[in-house]
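In: Just the structure for this:
(one chain, ligands or ions: 2)
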Amino acid sequence: MSNIRNCSRCGKMFNYIAGEMLCDVCKKEIEEKFQEVKKYIQENPGSGLKQIAEDCSCPAKQIKKWILEERLMFTENSPIQITCENCGARIATGRLCAKCKATVTNALNDTVKQRQQALAAELAKKQAQQPSSTSGMKFLKT
Ligand SMILES: [Zn+2]
Ligand SMILES: [Zn+2]
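Out: Ligands and ions are numbered 1, 2, ... in the order given. Okay, the predicted model is just below:
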């Protein structure tokens, strides 16, 4: 069965398979634009986002997207300041610095562990709540 959609960029009908809602022509054009922007940044490391967008006639939004996808890297002296979303450290690309990325991965593992521990604690609590002779004795004493 075919899955006909409208391209989100040019509006043309195309056979959608997966990923972004883009037709093959637009996908190719965006990829070509990416190579152009990448080359431009390498040749002009001091350019800001606005200048890159203007000189490459590429929307700044698209450039930012590439940064988040870790496809574009910026050097120390670039005016484009990308900071870690978690700690604010200066990074070359993406959303998080290497340190926070590792922390996030650990935190995810911890969450799983915590959930398992919470479940075990819950179970133990339920068992403790079961009426037993010892708790009855304690009640009488107070
Ligand atoms: Zn298109
Ligand atoms: Zn960080």
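
In: what sits against the spatially most central residue of the chain?
Out: Against the mean C-alpha coordinate of the chain, by Cα atoms, centre = their mean, the closest residue is residue 95 at 6.8 Å. By Cβ atoms under 8 Å, 6 or more residues apart in numbering, the contact list for residue 95 reads 68, 84-85. Heads up, the C-betas are built off the backbone N, CA and C, glycines and all.

In: try it again with 6 Å
Out: Contacts for residue 95 (Cβ atoms under 6 Å, 6 or more residues apart in numbering) come out as residue 85.

In: residue boundaries of the strands in the chain?
Out: Assigned by DSSP state E, the strands in the chain fall at 4-6, 13-15, 82-83, 90-91.

In: ok, residue 78 to ligand 2 distance?
Out: Taking Cβ to the ion, to the nearest Å as the measure, residue 78 falls 18 Å from ligand 2.

In: and the gap between that residue and ligand 1?
Out: With Cβ to the ion as the criterion, residue 78 and ligand 1 are 31 Å apart.

In: how about the residues of this protein near ligand 1?
Out: Residues of the chain that fall close to ligand 1, judged by Cβ under 5 Å from the ion: 7, 9-10, 23, 26.

In: Could you rerun that using 6 Å?
Out: Within the chain, the positions near ligand 1 by Cβ under 6 Å from the ion are 7, 9-10, 12, 22-23, 25-26.

In: Which of these fall within helices?
Out: Of the positions in the residues of the chain next to ligand 1, 25-26 sit in helices, assigned by DSSP state H.

In: which of the residues of the chain next to ligand 1 come close to ligand 2?
Out: Okay, of the residues of the chain next to ligand 1, nothing touches ligand 2 (Cβ under 6 Å from the ion).
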